[in-house]
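Trainee: need the 3D shape of this:
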Amino acid sequence: MTGTAPLALVVGAPGTNRGRDAETALELAGARATHVSITDLMLRPAVMRSAHMLVVAGGFSHADALGAGRLFARSLARLAEDELGSFIANRRPVIGICNGFQALVGAGLLPGALGHNASGHFQCEWVTLQPVQDSVCVWTKNLEPFDCPIAHGEGRYVHPDHEALQRSGQVALRYGRDPNGSVASVAGVCDPTGVVLGLMPHPENHSVARQHPLYRRRGPRPLGLQLFERGIAHAREIA
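Mentor: The predicted structure is shown next:
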């Protein structure tokens with residue numbers, strides 16, 4: 001792909017509230033972004049054929065009425081049987097953020113599960129993310145440690161054999177300081193191919209320097225925007 005910005009689909013469900021933030025981050029990072037509801041995408045799944053990457057946005061889909069991301073996950077699981085499955089097989093990058101991560105896990109597209117925070121309550125705070133250097137994830141390749149916020153009540157990552165997950169290169173990100181009790185401080189994981197990433201923190205909410213609460217005191221820090229830049233770079237490579 002030369003001279004053309006890759007097209008990113010930002011997928012939301014009823015209740016999703018971080019889609020616009022994701023669109024802004026993608027455009028700042030060099031993509032063209034367009035929003036599509038999961039309902040419309042299920043009616044017209046062929047829309048995915050013209051896209052180069054996909055973002056499953058965060059933000060309390062369906063009000064988390066039956067559990068975080070569960071209804072969203074059902075829709076994604078149905079899509080995974082056809083267009084979404086082909087999308088991933090063609091190595092087009094997919095990322096799920098917070099509720100989007102929960103939905104990808106629930107759809108069986110990412111390993112493990114997400115439970116209630118060890119604190120027992122909703123947490124909204126800034127965290128530092130450490131990229132795992134030997135990960136196969138295309139989204140975190142040569143990434144610097146960076147800060148971004150969390151905003152979740154069910155963000156504690158669990159897996160029956162996290163060491164095997166580590167050996168396979170699927171642990172992509174760890175917390176510098178674990179805020180929610182996740183096993184081995186895992187903040188983000190990918191599928192075996194490395195093209196599908198899920199993480200609980202919100203990199204789209206550190207896409208400009210002034211969003212960081214310590215910006216005026218300590219100056220700019222590495223942005224969460226770099227995560228989207230890596231995904232876009234991969235989308236360009238395979239287009």
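Trainee: and the longest strand for this protein?
Mentor: strand 123-131 (DSSP state E).
Trainee: that strand packs against which elements?
Mentor: strand 146-152, strand 171-175, strand 186-190 (3 or more C-beta pairs under 8 Å, 6 or more residues apart in numbering; DSSP states H and E). For every residue, glycine as well, the C-beta is placed using N, CA and C.
Trainee: closest one to N90 among those?
Mentor: Closest approach to N90 among those (C-beta to C-beta): strand 186-190, 16.3 Å.
Trainee: now that closest one and strand 171-175, what's the angle there?
Mentor: Counting by axes from the mean of the first three to the mean of the last three C-alpha atoms, to 10 degrees, strand 186-190 lies at 160 degrees to strand 171-175.
Trainee: strand 186-190 pairs with which strands, parallel or anti?
Mentor: Under the criterion DSSP bridges, strand 186-190 sits next to strand 171-175 (antiparallel), strand 196-199 (antiparallel) in its sheet.
Trainee: avg pLDDT for the last one?
Mentor: Just to be clear, that refers to strand 196-199. Averaging pLDDT along strand 196-199 gives 98.
Trainee: other residues contacting whatever helix or strand comes next after it?
Mentor: Note on strand 196-199: by DSSP states H and E, the next helix or strand toward the C-terminus is helix 215-218. Contact partners of helix 215-218, identified using C-beta atoms under 8 Å, 6 or more residues apart in numbering, comprise A209, R221.
Trainee: try 7 Å this time
Mentor: Applying C-beta atoms under 7 Å, 6 or more residues apart in numbering, the external contacts of helix 215-218 come out as A209.
Trainee: okay, the angle between the longest helix anywhere in the chain and strand 146-152?
Mentor: Criterion DSSP state H: the longest helix present in the chain is helix 225-238. Calculated by the same axes, to 10 degrees, helix 225-238 forms an angle of 100 degrees with strand 146-152.
Trainee: show me what the helix or strand that contains G100 is packed up against.
Mentor: Remark: G100 resides in helix 99-106, with elements defined by DSSP H and E. Helices and strands touching helix 99-106, by 3 or more C-beta pairs under 7 Å, 6 or more residues apart in numbering; DSSP states H and E, are strand 53-56, helix 70-80, strand 113-115, strand 196-199.
Trainee: mean confidence for the first one?
Mentor: Taken as a whole, strand 53-56 has an average pLDDT of 97.
Trainee: which residue is the nearest non-sequential neighbour of E144?
Mentor: P222 (4.3 Å; C-beta to C-beta, 6 or more residues apart in numbering).
Trainee: returning to what we had before: C-alpha coordinates for the helix holding G100, CSV please?
Mentor: C-alpha atoms of helix 99-106 as CSV (Å, rounded to 0.1, in the frame of the first residue of the first chain):
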residue,chain,number,x,y,z
ASN,A,99,-14.7,-4.2,26.8
GLY,A,100,-13.5,-5.1,23.3
PHE,A,101,-10.9,-7.4,24.9
GLN,A,102,-13.6,-9.0,27.1
ALA,A,103,-15.6,-9.6,23.9
LEU,A,104,-12.8,-11.1,22.0
VAL,A,105,-12.0,-13.5,24.9
GLY,A,106,-15.7,-14.4,25.2
